[in-house]
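**Student:** the following comprises the amino acid sequence and a computationally predicted model.
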Amino acid sequence: MSNQSQQPAGSAVPQQTLPQQVAEPQASCPTVLLIEDDSLLVKMYKTKFEAEGFRILTAGDGEAGLKMALEQKPDFIILDVMMPKISGLDVLAKLQQDPKGQAIPVIVLSNLAEQEKAQKALQLGAKDFLVKANLTPSQVVAKVRQYLEK
Amino acid sequence: MKDSKIVKLLHDLQQPMVAIKGYLSMILDGNAGKASDKVKEFVKKAYESNERMIEMVNILSSKSEALNPKFETNSKL
């Protein structure tokens, strides 16, 4: 489990404000599926990922997310844990049971650092278990890039 | 295992803090356009205060785990 320490804003975010750069997603840009039920967070991560040149798909619950993952076959999945209909961990288990879903790397995002859920997620094949409150959106983008480059 | 009401409360408390942290960091990243030095200074202060709230919730989370099952709430969540 990644459990990054909380840092003051000065070190957690870039010191220098960069000009706004909204890169247009290219046909070859990585597609990330975000499965998250909080619309405010969906908008936040979507804005950040699109600004970084990713194509982003979103699903507001586990059931819709699982269906979209298997139909659209994104390059990467960011998966919330506590969601309506099907929990994130159940989505992860179902993805691993499907040959189409097995190949898609998944990062699990949770609000709380719950050791038990983190271990379960990693056992089910998640690349990482991240605590949302410990990471800025740019740090989540960096994590996804890191796993896509491996 | 933690009391489910406590887990739900902590989850619900953290959700807006995550949004505040994320959006403030995006202002500092320049995703909302160019911000003046004064705006950046104020945003950093708000970011740091939010970090303290997150830390408090994390402490509460670890305490509730340690005290459980005695630590219970009467609130109807």
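**Tutor:** Now that the structure is in, tell me what you want to look at.

**Student:** how many other residues sit next to residue 47?
**Tutor:** Assuming you mean chain A. A:Thr47 has 18 neighbours, counted by other CB atoms under 10 Å in any protein chain shown. C-beta: built from backbone N, CA, C; applies to glycine.

**Student:** you answered for a different chain; I wanted chain B.
**Tutor:** Neighbours of B:Tyr47 (other CB under 10 Å): 22.

**Student:** which pLDDT value goes with residue 5?
**Tutor:** Here I'm looking at chain A. Per-residue pLDDT puts A:Ser5 at 40.

**Student:** try chain B instead
**Tutor:** On the pLDDT scale, B:Lys5 is placed at 79.

**Student:** quick check: it is in a helix.
**Tutor:** Yes - per DSSP: H, G, I helix; E, B strand; the rest coil, B:Lys5 lies within a helix segment.

**Student:** can you tell me how far it is from B:His11?
**Tutor:** Distance of B:Lys5 to B:His11, computed by CB to CB, to the nearest Å: 11 Å.

**Student:** near chain A, which residues of chain B are found?
**Tutor:** Neighbours of chain A within chain B, by CB under 8 Å from any CB of the partner chain: B:7, B:10-11, B:14-19, B:21-26, B:28-35, B:40, B:43-44, B:47-48, B:51, B:54-55, B:57-58, B:61.

**Student:** would you map the helices across chain B?
**Tutor:** Here chain B has its helices, by DSSP state H, at B:4-29, B:37-67.
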